[in-house]
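Need coordinates for the below:
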Amino acid sequence: MKKRIVKVITSTIIIMLIPLIFSGCFNYNDINKVTFSTSIIFDVDDLNQCVIYLDCVKPYRSANDSSDKGRRIIYKGTGKTALEALNSINSVSSYKLNYSQTRAYIFTEKAARNGIKKFLDLINNNSEFQMKPSAFVYYGDIDDLLETVSTDEEYLGLFLNDLVGKDKYNEKAVKSNINYYLSNILMGSNTALLTSIDLKEDALDKKVEISGASIFKDNKLVEQIDDKDSLMYNLLMGTTKAGTLDIANPQSKENFVTLEILDGGISDVLKYDNKKFKLIKNINLEVSISEIQGKLTVDSSALDYIKVNEEAYINGYTQYIFEKYKKKDLDIFDIKRMVEMYYPDLDEDDPLANTDIEVHTNIIIKGTGTTKDSI
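Have a look, this model is predicted:
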């Protein structure tokens, strides 16, 4: 009898707990009362007040209609602090704002040069904000950016998220997110990079494109890396796994041969001797010949020419990039962090200034790629 009573009580408790398991899910009524932010734009005005834009989607779902419907809503808030600007948006929104679907944090150039610490504090301290979204610096007018997003790419945050995912094949794109930035800005020389975006004139209208990277020191924008420099930076940091390289056609100097990067890797070592550091980078690239402009007899002589000259070009250009930013005292190569890791007992105030670089590139050309007279 007692066992039966215990069994009945246990079954009753389980039945009562089942609804609680599903209480965290959105139902149709819940989702119709929430506005989801897809991207957040941080700006400052002429009075140095914080300005925040939310690019949102107001979804609508019906039990009688399986299709998803949504309406784009853009909010703007201003305040002395970032939280006050955000609260001013909450006061005019008729629905609860949800930040779980935010895919991009965007800092305007003006906000970035002024300093983004106050915006980072809001992201870091507000439990509703995510750490995974990609982060960007936008060079241009905000109204143009919001209006440029076409019907096919209606939500800015979702579009940028897809663009970053696609640009893993773009050797000139330097990618980063808020988690990366917050982790790196506090280590080494307090220098970190964020992805740059801009508007590009297309055939019919303007399109958003990734255009290199932005260098931050002590949370302030100090320099922008252009596309060409970002390619060599990626090679130096070992983040290039795909993309293309161009070299003059040895048998037709006015034309080019395009090498497609199949895989890439890097090994490095930091040596210390006689109060000087030497950073040795060994860049390894596997490539194939994907396009030949003009005519080229693909034999061992041509392949040796391509290999030797492209290796020399990469060695020289990467050393130039290192010296360029070394003179600007911008440690985008994590020299100070490497010194802290490999020589923790060494007291060195400015290791970047005392570091020279030595680059060795090894290119392996796979296949023959006998495409000729390509346009």
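
State the distance from the closest residue to residue 137 other than its chain neighbours to residue 323.
Leaving aside its sequence neighbours, residue 137 sits nearest to residue 214 (CB to CB, 6 or more residues apart in numbering; 4.0 Å). The way it works is simple: take the backbone N, C-alpha and C, and place the C-beta from them, glycine included. The gap separating residue 214 from residue 323 is 20 Å, by CB to CB, to the nearest Å.

still on that earlier bit, and the residue nearest to residue 137, what are its bridge partners?
In this structure, residue 214 bridges to residue 194, residue 224 when assessed by DSSP bridges.

Number of residues surrounding it?
27 (other CB atoms under 10 Å).

Would you mind measuring from it to residue 83?
Per CB to CB, residue 214 is found 25 Å from residue 83.

Any chance you could give me stretch 337-349 in PDB, C-alpha atoms only?
Extracted in PDB, the C-alpha atoms of stretch 337-349 (Å, rounded to 0.1, in the frame of the first residue of the first chain):
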ATOM      1  CA  ARG A 337      53.000  39.300 -25.100                       C
ATOM      2  CA  MET A 338      55.500  36.800 -26.500                       C
ATOM      3  CA  VAL A 339      58.200  38.300 -24.300                       C
ATOM      4  CA  GLU A 340      56.000  37.900 -21.300                       C
ATOM      5  CA  MET A 341      55.300  34.200 -22.200                       C
ATOM      6  CA  TYR A 342      58.900  33.100 -23.200                       C
ATOM      7  CA  TYR A 343      61.000  35.400 -21.000                       C
ATOM      8  CA  PRO A 344      58.800  36.100 -17.900                       C
ATOM      9  CA  ASP A 345      61.800  37.100 -15.700                       C
ATOM     10  CA  LEU A 346      63.100  39.600 -18.300                       C
ATOM     11  CA  ASP A 347      62.400  43.300 -17.400                       C
ATOM     12  CA  GLU A 348      61.900  45.000 -20.800                       C
ATOM     13  CA  ASP A 349      59.800  48.100 -21.100                       C
END
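
and that stretch, how far out from the chain's middle?
Here stretch 337-349 is found 28 Å from its chain centre; the criterion is CA atoms, centre = their mean, to the nearest Å.

In that stretch, which residues are buried?
Residues of stretch 337-349 classed as buried by neighbour count (16 or more other CB atoms under 10 Å): 337, 338, 339, 348.

Let me see the contact set for the residue nearest to residue 137.
112, 137, 193, 194, 195, 196, 221, 223, 224, 225 (CB atoms under 8 Å, 6 or more residues apart in numbering).

So for it, what's the pLDDT?
Per-residue confidence (pLDDT) for residue 214: 94.

do you know how far it is from residue 106?
Applying CB to CB to residue 214 and residue 106 gives a distance of 12 Å.

Also residue 352?
30 Å.

Of the two, which one has the most company?
Per other CB under 10 Å, whichever of residue 352 and residue 106 has more neighbours is residue 106, with 27 against 24.

The buried residues of stretch 337-349 in helices, which ones?
Within these, residues falling in helices by DSSP state H are 337, 338, 339.

pretty sure the second one contacts residue 270?
Yes. Counting by CB atoms under 8 Å, residue 338 sits close enough to residue 270 to count as a contact (4.9 Å).

anything in contact with each of these two?
residue 279.

Residue ranges in this protein under the pLDDT threshold?
Residue ranges of the chain with pLDDT under 70: 1-32, 60-70, 149-154, 166-172, 203-204, 368-375.

Please enumerate the strands of this protein.
Assigned strands in the chain, in chain order: 34-44, 50-62, 65-79, 96-98, 104-108, 134-138, 191-201, 206-217, 220-225, 243-249, 252-273, 276-292, 355-365 (criterion: DSSP state E).

so which of those strands comes closest to residue 304?
Ranking the strands of the chain by distance to residue 304, with CB to CB as the measure, places strand 355-365 first at 9.4 Å.

Partner strands of that closest one, with direction?
Partners of strand 355-365, by DSSP bridges, with direction: strand 276-292 (parallel).

C-alpha coordinates for the strand it pairs with, CSV please?
Extracted in CSV, the C-alpha atoms of strand 276-292 (Å, rounded to 0.1, in the frame of the first residue of the first chain):
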residue,chain,number,x,y,z
LYS,A,276,68.0,42.4,-28.7
PHE,A,277,65.1,40.2,-29.8
LYS,A,278,64.8,38.5,-33.1
LEU,A,279,61.4,37.2,-34.3
ILE,A,280,61.8,34.4,-36.8
LYS,A,281,58.7,33.6,-38.9
ASN,A,282,58.6,30.6,-41.1
ILE,A,283,55.6,30.9,-43.5
ASN,A,284,54.4,27.8,-45.3
LEU,A,285,52.0,28.0,-48.2
GLU,A,286,50.5,25.4,-50.5
VAL,A,287,49.2,27.0,-53.7
SER,A,288,48.0,26.0,-57.2
ILE,A,289,48.1,28.0,-60.4
SER,A,290,44.4,29.0,-60.9
GLU,A,291,44.7,31.5,-63.7
ILE,A,292,47.2,32.5,-66.4
